[in-house]
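[1] how would this look folded up:
(one chain, ligands or ions: 1)
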Amino acid sequence: MPDRPSLPEHTFGFEKVTAFEKTKKVVSVFERVASRYDIMNDVMSVGIHRLWKDWFVKSLPLKQNGIYLDVAGGTGDIAQLLYERLHHFRLQTQIVVADINPAMIEKGQMRHPHLSWLLSNAEALPLNSNSIDVYTIAFGFRNVTHREKAIEEAYRVLKPGGKFACLEFSQVLPPLQKLYGFYLSHIIPKMGEWIAQDKDAYQYLSESIQTFLSREELLGMMKKVGLERTKCDIFTGGVVALHSGYKL
Ligand code: SAM
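    Presented below is the predicted three-dimensional model:
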């Protein structure tokens, strides 16, 4: 008997789609923007994404012989910052960048050939259980179709004592809501059109931020899979949030 067609119970920005469509559309977005991804990040955030990423990486534990996994790692920004930091402290470590999109990986490999790259969906990591010391995901979790599965996978691959850290867009504090709402709805898609020649991709970015989980919902999801000592810190008035927890 054929499988029943799946219902549109996921969202791609404001659009209701099936799980299959969501994953396909997300892959297509990042395939289209891969070549202009880095410059767009600088323009859209007026360079502030560098501070967020720096702050994120500095929050991570320094571990001799540690195995670090950066999921949805894109072109490798986080992994490279991590590499520089760990080398600064002369620590022997292994850093793996995983991403679902071959175009983003290709761009990343050209920029950072010394890192290890893995083509993989966050929902099904081809890694052993209890094998990773630090799991990071930056601006990627929002794009994942089955987010519960991705967190379950994070928990599975982490070693006992390992840290989960997720940097993601979040909800701004009330005084900033109007201005930020205008920026997301009107400025971001225009910039996407002018700079990346892809208004739709940046329309998606804007909508995916507006429809993303609240901080409480994300913390709840993390606790549900078993992460402990969970906490959330915000940056730039709530534009981004760092959610973290441990597998104890
Ligand atoms: N972490 C990088 C950074 O901070 O610059 C890249 C973030 S980029 C906004 C989102 C990345 O998530 C893209 O490279 C995309 O291919 C990846 N991605 C989306 N869904 C994914 C999934 N299910 N599994 C793994 N990677 C995924």
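[2] would you mind measuring from residue 16 to the ligand?
    18 Å (CB to the nearest ligand atom, to the nearest Å). Where you see a C-beta, it was placed from the backbone N, CA and C, and this is true even at glycine.
[3] three-state assignment of the residue nearest to that residue when sequence neighbours are not counted?
    In space, not counting the residues next to it along the chain, residue 16 is nearest to residue 8; the distance is 4.3 Å by CB to CB, 6 or more residues apart in numbering. Assigned with DSSP: H, G, I helix; E, B strand; the rest coil, residue 8 falls in the coil class.
[4] for residue 8, give me its contacts.
    When contacts are counted by CB atoms under 8 Å, 6 or more residues apart in numbering, residue 8 is found next to 16, 17, 18, 21.
[5] go on, residue 141?
    With contacts defined as CB under 8 Å, 6+ apart, the neighbours of residue 141 are 72, 122, 147, 150, 166, 168, 218.
[6] got it, and residue 29?
    For residue 29, the contacting residues are 200, 201, 204, 205, by CB under 8 Å, 6+ apart.
[7] residues of the one helix or strand it maps to that come out buried?
    With elements taken from DSSP states H and E, the one containing residue 29 is helix 19-33. Buried residues in helix 19-33, counting neighbours by 16 or more other CB atoms under 10 Å, are found at 21, 22, 23, 25, 26, 27, 29, 30, 32, 33.
[8] in the chain, which helix or strand is least confident?
    helix 37-44 (a mean of 87; mean pLDDT, DSSP states H and E).
[9] quick one, grab the pLDDT at the closest residue to the ligand within the chain.
    Going by CB to the nearest ligand atom, the ligand is nearest to residue 74 of the chain, at 2.5 Å. We have a pLDDT of 95 for residue 74.
[10] please name the nearest non-neighbouring residue to it.
    With CB to CB, 6+ apart as the measure, residue 104 is the residue that lies nearest to residue 74, at 4.8 Å, once sequence neighbours are left out.
[11] what sits against the one you found?
    The contact partners of residue 104, taken as CB under 8 Å, 6+ apart, are 30, 31, 34, 37, 74, 75.
[12] quick one on the thing from earlier: would TSV of the buried residues of helix 19-33 with distance to residue 156 and pLDDT be doable?
    Formatted as TSV, the buried residues of helix 19-33 follow (distance: CB to CB, whole Å; pLDDT from 0 to 100):
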residue	distance to residue 156	pLDDT
21	27	94
22	22	95
23	20	95
25	27	94
26	22	94
27	23	93
29	27	92
30	25	91
32	32	90
33	30	88
